[in-house]
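Enquirer: Return atomic coordinates for the entry below.
(2 chains)
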Amino acid sequence: QQPVQSPQAVILREGEDAVINCSSSKALYSVHWYRQKHGEAPVFLMILLKGGEQKGHEKISASFNEKKQQSSLYLTASQLSYSGTYFCGTPTDSWGKLQFGAGTQVVVTP
Amino acid sequence: EAGVTQFPSHSVIEKGQTVTLRCDPISGHDNLYWYRRVMGKEIKFLLHFVKESKQDESGMPNNRFLAERTGGTYSTLKVQPAELEDSGVYFCASSGGDWDGKLFFGSGTQLSVL
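Expert: Numbering: from 1, shown residues only, chains lettered A, B, ... in the order given. Next up is the predicted model:
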């Protein structure tokens, strides 16, 4: 079962904040976040392994609530470089095989 | 260090034709994966190679898709004959021997079947 992301898209002005949510119908032990800029390769941002753990990449942070089977990605004081599509991925029982959400398109405007 | 490279970046073919996509993983990465994203939907797993062996091909849609990884280096994904629903972006990714949760993706091949 693929994870569900929300919102599908968000438009921000520079400096504004946004939250992207990722939820799963099954129990999770990790959540993976990737960002794809237009026409480029998806790039690994972070992996969250423990319940309640938070991590950061630049001014992008994330939390993981394993009890609620969800993760949230926080874009704080957004910059133009944050534009792109953000994907969350959840593990399966197969090494390296992730199930990704449909992505959240983020557009940051001047 | 070179990243994962895919060729071609775009391919437009007619229904019934054959297309071969190529992926060169990061040097030394034993694990190679193919994923596909159709029409802005989820990125879906197709298959996983460990060196030259297929570890998991549970995501391959049907027998029109054939993946190979000769010598455990580059990989090809052939679609024959292509159908309209095969259109999408095909991503290749690789990872090292120890799974640390990080996949290195290529930029993808945008396949359009008309």
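Enquirer: C-terminal to the lengthiest strand in chain A, what's the next element?
Expert: Longest strand in chain A by number of residues (criterion: DSSP state E): strand A:84-91. The helix or strand immediately downstream of strand A:84-91 is strand A:98-100, counting by DSSP states H and E.
Enquirer: what's that following strand packed up against?
Expert: strand A:84-91, strand B:43-50 (3 or more C-beta pairs under 8 Å, 6 or more residues apart in numbering or on different chains; DSSP states H and E). For the C-beta atoms, the positions are set from N, CA and C on the backbone; glycine is no exception.
Enquirer: Pull the residues that contact the first one.
Expert: By C-beta atoms under 8 Å, 6 or more residues apart in numbering or on different chains, the residues outside strand A:84-91 that reach it are A:3, A:5, A:20, A:22, A:24, A:26, A:28-38, A:42, A:45, A:71, A:73, A:97-101, A:103-106, B:43, B:101.
Enquirer: quick one, what contacts residue 81?
Expert: Here I'm looking at chain A. residue A:108.
Enquirer: my bad, chain B
Expert: Applying C-beta under 8 Å, 6+ apart to residue B:81 gives the contacts B:15-18, B:64.
Enquirer: go again using 10 Å as the cut-off
Expert: Counting by C-beta atoms under 10 Å, 6 or more residues apart in numbering or on different chains, residue B:81 touches B:13-19, B:64, B:113.
Enquirer: phi, psi of it?
Expert: Main-chain dihedrals, residue B:81, degrees, to the nearest 10: phi -80, psi 150.
Enquirer: cool, and the one 10 residues further on?
Expert: When read as degrees, to the nearest 10, the backbone of residue B:91 gives phi -100, psi 140.
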